[in-house]
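1. Give me a model of this one.
(4 chains)
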Protein chains: 4
Amino acid sequence: MDVGFIGLGSMGKAIATNLIRAGHQLRVWNRSAAAAQELVALGARLASEPYEAASAPVLMTMLADDEAHRAVLIGQRVLERAARGLIHVNLATVSVGFARELTLLEQQHGIAYVAAPVFGRPEVAAAAKLNVVVAGAATAIARIEPLLSAIGQRTWRMGEAPERANVVKLAGNFMIASALETMGEAAALVRAHGIGAGEFLEVLTSSLFASPVYQIYGRLIAEERYQPAGFKLALGLKDVRLVLQAAETEHVPLPFASVLRDHFLEALAAGKGDLDWSALAEVSARHAELKRSR
Amino acid sequence: MDVGFIGLGSMGKAIATNLIRAGHQLRVWNRSAAAAQELVALGARLASEPYEAASAPVLMTMLADDEAHRAVLIGQRVLERAARGLIHVNLATVSVGFARELTLLEQQHGIAYVAAPVFGRPEVAAAAKLNVVVAGAATAIARIEPLLSAIGQRTWRMGEAPERANVVKLAGNFMIASALETMGEAAALVRAHGIGAGEFLEVLTSSLFASPVYQIYGRLIAEERYQPAGFKLALGLKDVRLVLQAAETEHVPLPFASVLRDHFLEALAAGKGDLDWSALAEVSARHAELKRSR
Amino acid sequence: MDVGFIGLGSMGKAIATNLIRAGHQLRVWNRSAAAAQELVALGARLASEPYEAASAPVLMTMLADDEAHRAVLIGQRVLERAARGLIHVNLATVSVGFARELTLLEQQHGIAYVAAPVFGRPEVAAAAKLNVVVAGAATAIARIEPLLSAIGQRTWRMGEAPERANVVKLAGNFMIASALETMGEAAALVRAHGIGAGEFLEVLTSSLFASPVYQIYGRLIAEERYQPAGFKLALGLKDVRLVLQAAETEHVPLPFASVLRDHFLEALAAGKGDLDWSALAEVSARHAELKRSR
Amino acid sequence: MDVGFIGLGSMGKAIATNLIRAGHQLRVWNRSAAAAQELVALGARLASEPYEAASAPVLMTMLADDEAHRAVLIGQRVLERAARGLIHVNLATVSVGFARELTLLEQQHGIAYVAAPVFGRPEVAAAAKLNVVVAGAATAIARIEPLLSAIGQRTWRMGEAPERANVVKLAGNFMIASALETMGEAAALVRAHGIGAGEFLEVLTSSLFASPVYQIYGRLIAEERYQPAGFKLALGLKDVRLVLQAAETEHVPLPFASVLRDHFLEALAAGKGDLDWSALAEVSARHAELKRSR
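-> Purely as a prediction, here's the structure:
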């Protein structure tokens, strides 16, 4: 299938690579050209302007946030110049409000908006093992099914309204961040009693909490290994902000998310914004005056 | 092996039953005699006073809390009358401070204190699939190994100081309670956006959070099925209190535990103390004015 | 002095009235004309369009929020048509970011932006007893000094950068909201022990806390008298949101503000948005299942 | 009046001095004799054992906490040896549970228990300007009225059940601690925006918050002057713990108190336990990476 692809950060690059491997023809664009060249080396064509990527029947985007999407899709007139009938598959985590706004706006341009945010870190994306949460018009989703199955291990359909997928993605990211904070606090507690964080987390993540999130992040926290970042702490704060916004419009108090916000802010104030977001655990350690193990 | 067993609530009964099935000779005592009779029917001998259960070389106890242990072990003079050389295996969740106190006190009576708190609900105990966290003198633990393997799927050794097992158990229960609160808040968020809690939790607990705690409790929360209680909400508050105490002595702030305490108190104020502790999710639903689904 | 005045809600009307009484000539505009007519009856002239109010040398605005200011000042082209040399005195509580934006934008139009947010409820405004926090160019402030002294009991100068006054105003509103929550929680605690909230608050607000905020709101909370609203709870949430935003840009965690946000949201979910913001106390009472006294 | 007085810390010494100045005969005891000698120099008689202080018709105690009272009153057999008809006036901040326990116990010894906790720092005590909250048998209170008026500016009667005074005292201390945290967070916010804490607090504490608590502690926070301690931070944590206990028995969630607990613990972990409890503000400053001004 001919696919335009905009946004080749660590996640986008891994996903685009899998699409090429699965035999699809990609037309790629990225703000900094270097990343695009890597894909060209694998067989992709280079779009010299973002709107050229929208000349394919399907456009996939994986940009950092609402603002980046707004700058490219609207600011660089991608939607305006897109062919009617385009399916726009947004793989990124954007706000619920922006998802609603884009749905309407693209409808006016004859574009079908499909939200398809993904769960998984860059190594999971590279292994084509993402969990893809998708919502949008059923006919559009049916057409892009081969693309989604090329990048993920499973696709979860959440209905026709695109923003439903975003709500699920944001609520899921909230659950991950809560797991990070939980392990950070529990690790501080046991360490203050002379028990190693690794020794403790090994028990829990091999039994009751034997799941990817706890095992992967539990290891990072036990080893205090927060570089290189699979997902930067500064982006974690962004997602918590989107969670709180989505909750606020519907009047849903989320005290755990409030604690997360405060701790992410403290980590940023301490200059940890570029570490992996599991470095959130350092906030709890610091509050108890626990020193780094090594 | 000859084993005394005190405390035949839903957990104790299931554990004692497995010990009998594994061929051990039990001498049981329980405050209300009816529960003891069920074990007698399976072959146990009845102790007419608690101290008689301590005439075996090993005494196991599974009582509700510090106070119940104090009342029986000290108040009813079990420790005083116990044979020197007794190994006391405490399966219950008690405070770190009480664990330290008992260790010293039993030492004075020539008793080896082994802390062996267990992770698992009554149905897990019945299936002999508990995770047992054990700490105490290595020689004592070696002798009771056959007992522990008869009741659990795995034993986790945490060293010689018994209270280390209690710290791990409490930190683990904190992690479970945090998972309950996390799912409760996430469920409130998605429900306020018109997405079913079950629909949402299915995605997460089949992928990133595919572990027993999230799957079992996720189902209870999605179905709002809080009766019968596997573990009562009022006992959940007790454990959070023990967690906060263990943290306070070492000056460890635990903001998630503070939120848990507040929400457990609100649930108790609303008369939910006898529901399963996963009913904690109802607090988040109520804050957002979400009605019960059915 | 000739003064344009836009925004005649309960606060704006009271302030504008005092300006007329002090002998100033007002040209007033309000979205709904009825409020403007009351001022005309006192001697003000009616502006048929908002920009006409900007033909005086000083324009005062008292609108609900950033959006209302944006709609009038930019959307209705007030700034564009204003005479160069205009001093715009913004009496309202706006975001720090919007204050910065307006400062730059008005500079481009040759307008001097002065932030002059006020502390005080409508009855305080009517009594010309407001506390006015002012920041902006010293020359501009010197010229409007007679206006500020006509509406308040005291003017507090915070320097040349207008947004400094907004930071102080927001931090002050945070302190008031914290006082409300504090009294709400303390009242719940004593009531649960059988002591009347009024009996308790009388002690504290007559001694250690003998200040306007505690005495005025303490009485409303003790009497559970939340109507009519001096300041609506929904606006309280707006201000807490602005506080959290101003804190977030500078990476300042504010856990008390996070609790306030959660409780304001819960109050809104329960339909209390139009009550006085001291109804925040009902959230704490509800959590403890305390019924209204009367 | 003949008065026994036990507990001559900075508060007790100031109070006892005022009683002597008012013409009362004191018999004093203190754990460390040096403090007692200062009172003897003013005319008090020295009790060589605590129980001797209970031979007067009135015994006043001002000890650090429940444990200290228990050690002296019960451990050193003061109650046992006291004359029937003794009035015991407890000026200290003790737990609600301990107040109930003492009331019953003293009744059995024919002693009338009066709770009379005081609001005020040592300098306020020295100036005989305390606010005294009193509860107990009306006849007993009538007899000690001259004593209370010698030490305080005002007495607040809370009824016959002594623990009512303790509830009021604890709820009041919670309000003070909340004010400290509020000023600490607000100061961090304005400082991060380049505004001095003193500059900001001057505005608020001269207007809406013009009360002793805000003015006295606002100055300490603005000047970051936390030594010498008028009330030690470690004792602040103790009081918050008593507040949370009193709330827990009645199922009252207090999220602000939970934040206070976490921040006091962090301050203790950072070694600030002997500073004045207004040093709580340093926790908020540290979270935002603000350095000490001087």
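
2. Up against chain B, what does the stretch 1-150 of chain A have?
-> Proximity of the stretch 1-150 of chain A to chain B (C-beta under 8 Å from any C-beta of the partner chain) is limited to residues A:96, A:119, A:131, A:133. For glycine as for every other residue, the C-beta is placed from the backbone atoms N, C-alpha and C.

3. what two of the residues you listed are the furthest from one another?
-> Farthest pair in the residues of the stretch 1-150 of chain A next to chain B (C-beta to C-beta) is A:96 and A:131. Separation: 19.3 Å.

4. so which of the residues of the stretch 1-150 of chain A next to chain B would you say is closest to chain B?
-> Chain B has its nearest neighbour among these in residue A:131, at 4.5 Å by C-beta to the nearest C-beta.

5. Could you check how many residues crowd around the closest one?
-> 22 (other C-beta atoms under 10 Å in any protein chain shown).

6. Tell me if it really is in a strand.
-> Yes - per DSSP: H, G, I helix; E, B strand; the rest coil, residue A:131 lies within a strand segment.

7. So it sits against residue B:205, correct?
-> No - if you go by C-beta atoms under 8 Å, residue A:131 and residue B:205 don't touch, sitting 11.7 Å apart.

8. before we move on, back to that, let's have the residues of the stretch 1-150 of chain A next to chain B in JSON lines, adding pLDDT and distance to residue A:241.
-> Shown next, in JSON lines, are these (pLDDT from 0 to 100; distance: C-beta to C-beta, whole Å):
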{"residue": "A:96", "pLDDT": "96", "distance to residue A:241": "12"}
{"residue": "A:119", "pLDDT": "97", "distance to residue A:241": "19"}
{"residue": "A:131", "pLDDT": "97", "distance to residue A:241": "23"}
{"residue": "A:133", "pLDDT": "98", "distance to residue A:241": "20"}
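
9. Most neighbours among these, which one is it?
-> For the residues of the stretch 1-150 of chain A next to chain B, the largest number of neighbours (other C-beta under 10 Å) sits with residue A:133, at 27 neighbours.

10. Do a quick rundown of the strands in chain A.
-> A:2-6, A:25-29, A:45-46, A:58-61, A:87-90, A:112-115, A:118-119, A:130-134, A:152-157 (DSSP state E).

11. Direction included, what does the first one pair up with?
-> Partner strands for strand A:2-6, per DSSP bridges, with pairing direction: strand A:25-29 (parallel), strand A:58-61 (parallel).

12. What confidence value was assigned to residue A:46?
-> We have a pLDDT of 96 for residue A:46.

13. if I look at residue A:187, how far off is residue C:230?
-> From residue A:187 across to residue C:230, the span is 47 Å (C-beta to C-beta, to the nearest Å).

14. how many neighbours does the nearest residue to residue A:83 once chain neighbours are set aside have?
-> Nearest residue to residue A:83, sequence neighbours excluded (C-beta to C-beta, 6 or more residues apart in numbering or on different chains): residue A:55, at 6.3 Å. By the criterion of other C-beta under 10 Å, residue A:55 has 15 neighbours.

15. residues contacting residue A:55?
-> A:4, A:27, A:82, A:83 (C-beta atoms under 8 Å, 6 or more residues apart in numbering or on different chains).

16. can you pull the pLDDT of it?
-> Looking at residue A:55, its pLDDT stands at 93.

17. Same check on residue A:83?
-> Value for residue A:83, per-residue pLDDT: 87.

18. mind listing what it touches?
-> Going by C-beta under 8 Å, 6+ apart, the list of residues near residue A:83 reads A:54, A:55, A:57.

19. Is the single longest helix found in chain A in proximity to chain B?
-> The residue-count maximum for a helix in chain A (DSSP state H) belongs to helix A:163-192. Yes - residues of helix A:163-192 are located near chain B by C-beta under 8 Å from any C-beta, namely A:163-164, A:167-168, A:170-172, A:174-176, A:178-179, A:181-183, A:185-186, A:188-190, A:192.

20. Show me how far that helix is from its chain's centre.
-> Centroid separation for helix A:163-192 versus its chain: 14 Å, with C-alpha atoms, centre = their mean, to the nearest Å.

21. residues of that helix that come out buried?
-> By neighbour count on 16 or more other C-beta atoms under 10 Å in any protein chain shown, the buried set for helix A:163-192 is A:163-192.

22. Closest approach to chain C from the stretch 51-200 of chain A, which residue is it?
-> Residue of the stretch 51-200 of chain A nearest chain C, by C-beta to the nearest C-beta: residue A:181 (13.2 Å).

23. thinking that residue is in contact with residue A:280, fair?
-> Yes - using C-beta under 8 Å as the test, residue A:181 is close enough to residue A:280 to be in contact (5.9 Å).

24. Now list whatever residues contact both of the two.
-> In contact with both residue A:181 and residue A:280: A:260, A:263, using C-beta under 8 Å, 6+ apart.

25. where in the stretch 151-294 of chain A is pLDDT low?
-> For the stretch 151-294 of chain A, residues meeting the criterion pLDDT under 70 lie at A:293-294.

26. if I look at the residue nearest to residue A:83, how far off is residue A:86?
-> Distance of residue A:55 to residue A:86, computed by C-beta to C-beta: 9 Å.

27. One more: residue A:192?
-> As judged by C-beta to C-beta, residue A:192 and residue A:86 stand 56 Å apart.

28. Would you mind extracting the C-alpha trace of stretch A:203-220 into CSV?
-> Only the C-alpha atoms of stretch A:203-220 are listed here, as CSV (Å, rounded to 0.1, in the frame of the first residue of the first chain):
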residue,chain,number,x,y,z
VAL,A,203,9.5,-11.0,44.5
LEU,A,204,6.6,-8.9,43.3
THR,A,205,7.3,-8.7,39.6
SER,A,206,7.8,-12.5,39.4
SER,A,207,4.5,-13.2,41.0
LEU,A,208,1.5,-10.9,41.5
PHE,A,209,2.9,-8.2,39.2
ALA,A,210,4.4,-10.4,36.5
SER,A,211,3.6,-8.1,33.6
PRO,A,212,5.6,-6.2,31.1
VAL,A,213,5.2,-2.8,32.7
TYR,A,214,6.3,-3.9,36.1
GLN,A,215,9.1,-6.1,34.9
ILE,A,216,10.7,-3.7,32.5
TYR,A,217,10.4,-0.6,34.6
GLY,A,218,11.0,-2.5,37.9
ARG,A,219,14.4,-3.5,36.5
LEU,A,220,15.3,0.1,35.5
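
29. can it be found next to chain B?
-> Yes - interface with chain B: stretch A:203-220 contributes A:203, A:204, A:206, A:207, A:208, A:209, A:210, A:211, A:212, A:213, A:214 (C-beta under 8 Å from any C-beta).

30. Centre of the chain to that stretch, how far?
-> The mean C-alpha position of stretch A:203-220 is separated from the chain mean by 21 Å, C-alpha atoms, centre = their mean.

31. Spell out which residues of the stretch 151-294 of chain A are next to chain C.
-> Counting by C-beta under 8 Å from any C-beta, the residues of the stretch 151-294 of chain A close to chain C are A:241, A:247-248, A:251-255, A:258-259, A:261-263, A:265-266, A:268-269.

32. Can you say which of those residues are also within reach of chain B?
-> A:247, A:251, A:252, A:253, A:254, A:255, A:259, A:262, A:263.

33. between those residues, which is nearest residue A:65?
-> Nearest to residue A:65 among those, with distances taken as C-beta to C-beta, is residue A:247, at 18.1 Å.
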